[in-house]
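> Got a predicted structure here, sequence first:
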Amino acid sequence: MPYVPTWVLALVAVVLVLGWYLSYSAGRLDRLHHRVETLRAALDAQLARRAAAAVEAAPLLDPATGLLVADAAAEALAAGETRSETEWLEAGGQAPQLEEIENDLTRVLHVAFGDPVEVAVLRDSAPLAAQSLLLLTQACTRVQLARRFHNDAVAAAVRVRRKPVVRWTRLAGHAAMPAMVEIDDS
């Protein structure tokens with residue numbers, strides 16, 4: 001067996017470890033980007049469910065308030081349906097108009113259902129009213145959770161993308177930087 005200098009073996013070991021680390025980091029970054037996209041789709045679905053539940057609960061209110069709720073919810077549904085992936089990428093992962101529409105719906109829901117006494121009266125008025133209000137409450141809670149999960153995934157992806165090794169080797173490729181969703185979901 002021919003003699004191989006120790007420094008050559010050390011260099012081969014370093015190259016192998018570096019190659020493994022870069023491969024592992026690229027795979028992790030790809031999984032994080034996939035997770036962000038999946039959670040974004042889940043958030044969009046929860047926002048649509050909240051808007052649909054608000055439309056269903058709108059007739060329980062007085063006509064003026066019900067019209068405001070139904071209008072804000074219909075606008076949120078329409079904005080969610082017309083958004084395409086290319087619009088998100090062109091906006092750098094964010095669509096401020098969609099976030100503003102969702103914030104408007106949240107504000108209208110606060111005004112319409114902000115008083116616990118009035119909500120209790122509505123809930124006791126009919127069994128279907130109670131069910132509609134329960135669905136709306138659950139939808140609002142799910143929006144909060146979906147946004148939180150999405151933003152946690154975005155934070156993890158951004159943290160990995162900011163590592164010097166990931167930037168120097170350009171492991172992210174041409175993928176857009178993930179962006180947080182900043183909506184009022186209280």
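Arrived safely, thanks for sending.
> tell me which element residue 174 is part of?
For residue 174, there is no host helix or strand (DSSP states H and E).
> Find the residue ranges of this protein scoring beneath the pLDDT cut-off.
1, 82-96, 115-119, 121-122, 124 (pLDDT under 70).
> count of neighbours near residue 41?
Here the number of neighbours of residue 41 (other Cβ atoms under 10 Å) works out to 12. (Glycine included, C-beta is placed from N, CA and C.)
> Tell me the spacing between it and residue 176.
16 Å (Cβ to Cβ, to the nearest Å).
> biggest helix in the protein by residues?
If you go by DSSP state H, the chain has its longest helix at helix 6-57.
> Distance from the chain centre to it, please.
Computed by Cα atoms, centre = their mean, to the nearest Å, the separation of helix 6-57 from the middle of its chain amounts to 14 Å.
> Which SSE is immediately downstream of it?
With DSSP H and E setting the assignment, the helix or strand that follows helix 6-57 is helix 63-82.
> same for the longest helix of the chain, what does it pack against?
Packing contacts for helix 6-57, counted by 3 or more Cβ pairs under 8 Å, 6 or more residues apart in numbering; DSSP states H and E, involve helix 63-82, helix 96-113, helix 127-161, helix 164-169.
> could you dump those to TSV with mean neighbour count and distance to residue 10?
As requested, the helices and strands packed on helix 6-57 are exported to TSV (neighbours: other Cβ atoms under 10 Å; distance: least, Cβ to Cβ, whole Å):
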stretch	mean neighbour count	distance to residue 10
helix 63-82	17	56
helix 96-113	18	53
helix 127-161	17	28
helix 164-169	12	20
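> Distance to residue 180 added to those helices, as CSV?
Below are those laid out as CSV (distance: least, Cβ to Cβ, whole Å):
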stretch, distance to residue 180
helix 63-82, 18
helix 96-113, 10
helix 127-161, 5
helix 164-169, 19
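> Among these, which comes closest to residue 22?
In terms of Cβ to Cβ, the element of the helices and strands packed on helix 6-57 nearest to residue 22 is helix 164-169, at 6.0 Å.
> What lies in contact with that closest one?
With contacts defined as Cβ atoms under 8 Å, 6 or more residues apart in numbering, helix 164-169 is touched by 21, 22, 25, 29, 160, 161, 171, 172.
> Can you show me the CA trace of it as PDB?
Once non-C-alpha atoms are left out, helix 164-169 reads as follows in PDB (Å, rounded to 0.1, in the frame of the first residue of the first chain):
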ATOM      1  CA  PRO A 164     -22.500  33.300   7.000                       C
ATOM      2  CA  VAL A 165     -21.900  29.800   5.500                       C
ATOM      3  CA  VAL A 166     -25.300  29.800   3.900                       C
ATOM      4  CA  ARG A 167     -24.800  33.200   2.500                       C
ATOM      5  CA  TRP A 168     -21.300  32.600   1.200                       C
ATOM      6  CA  THR A 169     -22.200  29.400  -0.500                       C
END
